[in-house]
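J.: model the structure of this input:
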Amino acid sequence: MERASHLIGLGIALAVHAAAFAALNVAMVDGAERDRLSQQEPERILITAPRQELPDQDILAIQNCPGRKAL
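T.: Residues are numbered from 1 along each chain as shown. Below you'll find the predicted structure:
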């Protein structure tokens with residue numbers, strides 16, 4: 001009976017260590033991915049076409065929408 005309890009304890013210890021190792025691995029991969037993404041530069045968009053005259057409703061939409069100004 002003593003041998004069985006030792007084997008059960010060993011099994012539990014191995015399971016706890018495996019779970020801890022898996023959690024550590026996930027945290028390290030997440031940290032490396034965040035580091036890689038933080039070093040990427042955003043793409044730049046350059047518009048070389050001349051500006052066209054727009055109807056009144058389009059001008060109003062441009063003034064209210066910051067997305068168009070960012071381009």
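
J.: average model confidence for whichever helix or strand V16 is part of?
T.: Using DSSP states H and E, V16 maps to helix 2-38. Per-residue pLDDT values over helix 2-38 give a mean of 94.

J.: and what of stretch 44-58?
T.: In this model, stretch 44-58 carries a mean pLDDT of 65.

J.: can you tell me the helix or strand for Q40?
T.: Of the helices and strands defined by DSSP H and E, none includes Q40.

J.: what count of nearby residues applies to it?
T.: Residues contacting Q40 under the criterion other C-beta atoms under 10 Å number 7. Glycine gets a C-beta too; all of them are placed from N, C-alpha and C.

J.: next, it: phi, psi?
T.: Dihedral pair for Q40: phi -80, psi 140, per degrees, to the nearest 10.

J.: so what's it up against?
T.: Q40 makes no contacts at all, as judged by C-beta atoms under 8 Å, 6 or more residues apart in numbering.

J.: report the separation between it and T48.
T.: Distance from Q40 to T48, counting by C-beta to C-beta, to the nearest Å: 25 Å.

J.: what do you get for E33?
T.: 35 Å.

J.: when the two are compared, which one has more neighbours?
T.: Relative neighbour count places E33 above the other of E33 and T48, with 10 against 4, counting by other C-beta under 10 Å.

J.: and that one, how far from M1?
T.: Counting by C-beta to C-beta, the separation of E33 from M1 is 48 Å.

J.: then L37?
T.: Applying C-beta to C-beta to L37 and M1 gives a distance of 54 Å.

J.: between those two, which has more neighbouring residues?
T.: The residue with more neighbours, out of L37 and M1, is L37; 8 against 5, by other C-beta under 10 Å.

J.: residues touching that one, list them.
T.: For L37, no residue meets the contact criterion (C-beta under 8 Å, 6+ apart).

J.: ok, now how distant is G31 from A20?
T.: Distance, G31 to A20, by C-beta to C-beta: 17 Å.

J.: do L10 as well
T.: Taken as C-beta to C-beta, the span from L10 to A20 is 16 Å.

J.: swap in L14?
T.: From L14 across to A20, the span is 11 Å (C-beta to C-beta).
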